[in-house]
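> Coordinates for the following, if possible.
(one chain, ligands or ions: 2)
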Amino acid sequence: MDGVVDHLADERNKAQFDVEEMKIVWAGSRHVFELSDRIARLVASDPVFRKDNRATLSRKDLFKNTLRKAAHAWKRIIELRLSEEEASKLRFYVDEAAFTDLHWGMFVPAIKGQATEEQQQKWLPLAYKMQIIGCYAQTELGHGSNVQGLETTATFDPQTDEFDIHSPTLTSSKWWPGGLGKVSTHAVVYARLITDGQEHGVHGFIVQLRSLDDHLPLPGITIGDIGMKFGNGAYNTMDNGVTRNGKCVRSNVPRQLIYGTMVFVRQTIVSDASCALSRAVCIATRYSAVRRQFGSQNGGVETQVIDYKTQQNRLFPLLAAAYAFRFVGEWLKWLYTDVTQRLQANDFSTLPEAHACTAGLKSLTTTFTADAIEECRKLCGGHGYLCSSGLPELFAVYVPACTYEGDNVVLLLQVARFLMKTVSQLGSEKKPVGTTAYMGRVEHLMQCRCSVQKAEDWLNPNTILEAFEARTARMSVAVAQKLAQFANPEEGFLELSPNLVEASVAHCQLIVVSKFIEKLQQDIPGKGVKELLGMLCNIYALNILHKHLGDFLSTGSITPKQGSLANDQLRSLYSQVRPNAIALVDAFNYTDHYLGSVLGRYDGNVYPKLYEEAWKDPLNDSVVPDGYHEYIRPLLKNQLRNARL
Ligand SMILES: CCCCCCCCCCCCCCCCCC(=O)SCCNC(=O)CCNC(=O)[C@H](O)C(C)(C)COP(=O)(O)OP(=O)(O)OC[C@H]1O[C@@H](n2cnc3c(N)ncnc32)[C@H](O)[C@@H]1OP(=O)(O)O
Ligand SMILES: Cc1cc2nc3c(=O)[nH]c(=O)nc-3n(C[C@H](O)[C@H](O)[C@H](O)COP(=O)(O)OP(=O)(O)OC[C@H]3O[C@@H](n4cnc5c(N)ncnc54)[C@H](O)[C@@H]3O)c2cc1C
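Ligands and ions are numbered 1, 2, ... in the order given. Take a look at the predicted model:
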């Protein structure tokens, strides 16, 4: 900030906690903080990684530019001998959806998680050196959610010792895989395995798609891009592909491990949610402190919009959620590491819980984040609608997270199956553990009464936790009782699916709240850091309570009076967080390059930069627009009408 006026300096001076220590908490460790900081600056200072022109490029130019950036990123990774951790941070800060996301994020993990030792030895070194580029080809034109319904077949030919991968119908074309359309040379293709005329369900196969010499599709394979997607720029940097009729390639994979890849990817999506959410919140918070409307007394300054309680009521729960998702993401990473170690030792016992947690939290955090980005756009008023605010593009890139890697409703129904199984086993030998351990106290939770008598009582974590546990246990038991009335359980499951989804949401919200509370039980250094995190935890929980008051009241988990007290407490928490708001978003440590937003600039110098940015639009290249002579001038001169007379 040397030599630059900091328009947010007053805001930064108000902070009541140690921002530098909060940066470490946010990053997860000092090591990660220092590494991220170094790589973010490296990317920000490299002109090849410029991204402020994305919204105005044609699809072809946009795509070529993405290829250029990806190649440059790889060059820098090799030149600087970056570690895997540094390289992945570099791709993160380059901040452009690209084939590399699928290569590193799905193709490599799928091979690591599903392939045999021999296959790994063959394919991983090639993938690590990017001598082959891979994608993940599961979804077809006709089926995405219903993986068992995939139509592509892989028939083993004992004569040639090969698998014939065949898409017999239009609907069996692979459709959507990122990187498939124009770039990938290889894919992990999911197909129904057939040997000796017998079917063995869906398995993954590594298939070469294109020649490594001239990039042409191999014989029998038709490949292309599926066309423009939502939002200009945004996700259109990605070539999502369609392909038909693959041929051959070797060997299948152990059946159960297919699940491991989905658990892994969903876990990473939860961590990514806190990044996208914090980014939108950072923009909206800084701008809300810069923007002033109304309230001027005797010609004095107007009110900063962040001081309006309605603005706080919309913004601060999103800020709190960004921190909440960060911590639940950290925990989920631990859970995934644990389940992976067990899977390697052929212990599948914790897989159902890991599946339910990753599926449910992926659904909860992405739905919330997509809605929150849009809310942040509205929080920035008219200027939020400008591409230079960064929010429209962020929304367009982020919103498919609600669909990919499992449609969010379909995933909540998976959680519901797990919950219903847990309820049905209550009272048996099998005790609920992990995230469902609270169900072990179901008798207490069905009849306990919330003890809150005054607003401050809601600051007690045990009180919050018990209210959330009671709500979830009561909703789950109620829907389980309804299910039991159906002669055919599957019919009941379909009929009651909206109730089941609501119970799943309640369960997932409970997980997030409980992991935030657990985080606060750790030793957290730095002046005021723990106190601020405690406030955010309470805001996250009490805001959910307020938004889902119907659930809490109808289950009798709290009384209407207690609901109203929770709301009083929320307002008081907003006032306490207010002076710390800018410092809390500074703790994300985002560079202006990564934020990509004129409204969210670190120095708060919004208006001159907005003005400057507007002049860069290609429409402003000429003062008189193209088309004036053909269309505007004749109108103004009434020449068309005169011609008719
Ligand atoms: C501003 C610029 C910014 C730039 C930013 C740049 C960054 C951008 C980043 C972009 C990155 C893009 C990445 C995109 C990646 C997308 C990739 C995909 O979508 S790939 C495609 C992803 N596609 C999908 O995700 C498809 C979604 N569909 C599915 O996952 C499944 O078909 C299903 C789960 C819904 C049903 O399964 P099905 O088998 O039919 O049915 P049942 O229900 O009968 O279950 C049977 C049993 O299995 C159990 N089980 C199930 N799953 C799991 C699991 N994972 N584990 C363990 N267990 C599991 C289940 O519990 C049950 O157990 P039990 O009760 O018997 O004990
Ligand atoms: C940007 C993007 C990138 C992608 N990348 C990849 C990739 O790299 N590789 C890949 O293989 N795939 C990819 N996909 C595909 C993605 O995984 C699927 O689109 C996703 O799994 C959803 O499946 P679907 O499209 O079949 O939705 P559908 O299942 O057709 O969903 C349509 C509607 O039906 C509802 N529905 C479906 N089943 C049920 C049910 N049982 N009960 C109640 N409601 C139901 C859903 O909630 C939804 O509202 C990508 C998709 C997108 C958008």
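> Run through the residues that contact Leu80.
With contact set as CB atoms under 8 Å, 6 or more residues apart in numbering, Leu80 has these partners: Glu86. Yep, even glycine has a C-beta here, placed from its N, CA and C like the rest.
> Now do Val253, the pLDDT please.
On the pLDDT scale, Val253 is placed at 53.
> Secondary structure element holding the closest residue to Thr350 other than its chain neighbours?
In this structure, Thr350 finds its nearest non-sequential neighbour in Val339, 5.1 Å apart by CB to CB, 6 or more residues apart in numbering. Using DSSP states H and E, Val339 sits within helix 309-344.
> Just name whatever secondary elements that helix is in contact with.
helix 258-290, helix 351-379, helix 497-520, helix 529-547, helix 560-577, helix 581-586 (3 or more CB pairs under 8 Å, 6 or more residues apart in numbering; DSSP states H and E).
> a markdown table for these, including distance to ligand 1, mean pLDDT and mean neighbour count?
As requested, the helices and strands packed on helix 309-344 are exported to a markdown table (distance: least, CB to the nearest ligand atom, whole Å; pLDDT from 0 to 100; neighbours: other CB atoms under 10 Å):
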| stretch | distance to ligand 1 | mean pLDDT | mean neighbour count |
| --- | --- | --- | --- |
| helix 258-290 | 3 | 94 | 24 |
| helix 351-379 | 3 | 97 | 24 |
| helix 497-520 | 13 | 98 | 22 |
| helix 529-547 | 25 | 98 | 22 |
| helix 560-577 | 27 | 98 | 18 |
| helix 581-586 | 17 | 98 | 24 |
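> Include distance to Val305 when you put those helices into JSON lines, please.
As requested, the helices and strands packed on helix 309-344 are arranged in JSON lines below (distance: least, CB to CB, whole Å):
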{"stretch": "helix 258-290", "distance to Val305": "5"}
{"stretch": "helix 351-379", "distance to Val305": "8"}
{"stretch": "helix 497-520", "distance to Val305": "28"}
{"stretch": "helix 529-547", "distance to Val305": "19"}
{"stretch": "helix 560-577", "distance to Val305": "14"}
{"stretch": "helix 581-586", "distance to Val305": "12"}
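> Can you list the neighbours in contact with stretch 464-474?
Counting by CB under 8 Å, 6+ apart, the neighbours of stretch 464-474 from elsewhere in the structure are 438-439, 441-442, 445-446, 448, 450, 458, 503, 506-507, 509-510, 513-514, 517, 538, 541-542, 545, 548, 551-552, 555-558.
> I meant stretch 569-576, not that one.
By CB under 8 Å, 6+ apart, the surrounding residues in contact with stretch 569-576 are 309, 312-313, 316, 455-456, 458-459, 535, 538-539, 542-543, 546.
> Centre of the chain to that stretch, how far?
Its chain's C-alpha centre lies 28 Å from the corresponding centre of stretch 569-576 when counted by CA atoms, centre = their mean, to the nearest Å.
> Okay, strands next: where are they in the stretch 101-250 of the chain?
134-137, 153-157, 162-166, 174-178, 186-195, 198-208, 222-225, 240-244 (DSSP state E, counting those that start in this stretch).
> Packing partners of the last one?
So that's strand 240-244. Applying 3+ CB pairs under 8 Å, 6+ apart, one finds that strand 240-244 makes contact with strand 134-137, strand 174-178, strand 222-225.
> Tell me which of the ones you listed is the most buried.
Highest mean neighbour count among the helices and strands packed on strand 240-244 (mean count of other CB atoms under 10 Å): strand 134-137, with a mean of 30.
> Given that one, what are its sheet partners and their directions?
Its sheet considered, strand 134-137 pairs with strand 186-195 (parallel) by DSSP bridges.
> Return stretch 159-171 as CSV; C-alpha atoms alone will do.
Only the C-alpha atoms of stretch 159-171 are listed here, as CSV (Å, rounded to 0.1, in the frame of the first residue of the first chain):
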residue,chain,number,x,y,z
GLN,A,159,-9.2,-62.9,-28.4
THR,A,160,-7.5,-59.5,-28.4
ASP,A,161,-7.4,-59.1,-24.5
GLU,A,162,-9.1,-55.7,-25.0
PHE,A,163,-12.2,-53.9,-23.9
ASP,A,164,-14.5,-52.6,-26.6
ILE,A,165,-16.0,-49.4,-25.3
HIS,A,166,-19.3,-48.7,-27.1
SER,A,167,-21.9,-46.0,-27.0
PRO,A,168,-24.8,-47.7,-28.7
THR,A,169,-27.3,-44.8,-28.6
LEU,A,170,-27.4,-41.1,-28.9
THR,A,171,-28.2,-40.9,-25.2
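> Can you mark which positions in that stretch are buried?
Within stretch 159-171, the residues scored as buried using 16 or more other CB atoms under 10 Å are Glu162, Phe163, Asp164, Ile165, His166, Ser167.
> Thought Glu151 was touching the fourth one, still the case?
No - counting by CB atoms under 8 Å, no contact exists between Ile165 and Glu151, whose distance comes to 11.7 Å.
> ok now do Leu445, which residues does it touch?
Applying CB under 8 Å, 6+ apart, the residues contacting Leu445 are Tyr438, Glu466, Glu469, Ala470, Ala473, Arg474.
> Please compute how far stretch 356-374 lies from its chain's middle.
7 Å.
> what's the answer for stretch 258-267, then?
Average the C-alpha atoms of stretch 258-267, do the same for its chain, and the two points are 15 Å apart (CA atoms, centre = their mean).
> now swap in stretch 107-115 and tell me
The chain centroid and the centroid of stretch 107-115 are separated by 21 Å, computed with CA atoms, centre = their mean.
> any idea of the mean pLDDT for that stretch?
The pLDDT scores in stretch 107-115 average 91.
> List the contacts of that stretch.
Counting contacts by CB under 8 Å, 6+ apart, the residues outside stretch 107-115 that touch it are 119-120, 123-124, 127-128, 134-136, 184, 186-188, 204, 206, 253-254, 257-258, 260-261, 264-265, 340.
> 7 Å instead?
Residues lying outside stretch 107-115 but in contact with it, judged by CB atoms under 7 Å, 6 or more residues apart in numbering, are 119-120, 123-124, 127, 134-136, 188, 204, 253-254, 257-258, 260-261, 264-265.
> Could you do stretch 307-325 as well?
Residues external to stretch 307-325 that are found in contact with it (CB under 7 Å, 6+ apart): 270, 273-274, 277-278, 281, 284-285, 288, 305, 365, 368, 372, 375-376, 379, 512, 516, 533, 536, 539-540, 543, 571, 574, 577-578, 584.
> so what's the one residue in the chain that gets nearest to ligand 2 scoring on pLDDT?
Distance from ligand 2 to each residue of the chain (CB to the nearest ligand atom) is smallest for Gly144, at 2.3 Å. Gly144 carries a pLDDT score of 96 in this model.
> give me every residue that touches Phe63.
For Phe63, the residues meeting the contact criterion (CB under 7 Å, 6+ apart) are Thr237, Asp239.
> hang on, isn't Gly406 packed against Thr358?
No - counting by CB atoms under 7 Å, Gly406 sits too far from Thr358 to count as a contact (9.3 Å).
> Just read off the phi/psi values of Ser211.
With angles defined as degrees, to the nearest 10, Ser211 shows backbone torsions of phi -70, psi 140.
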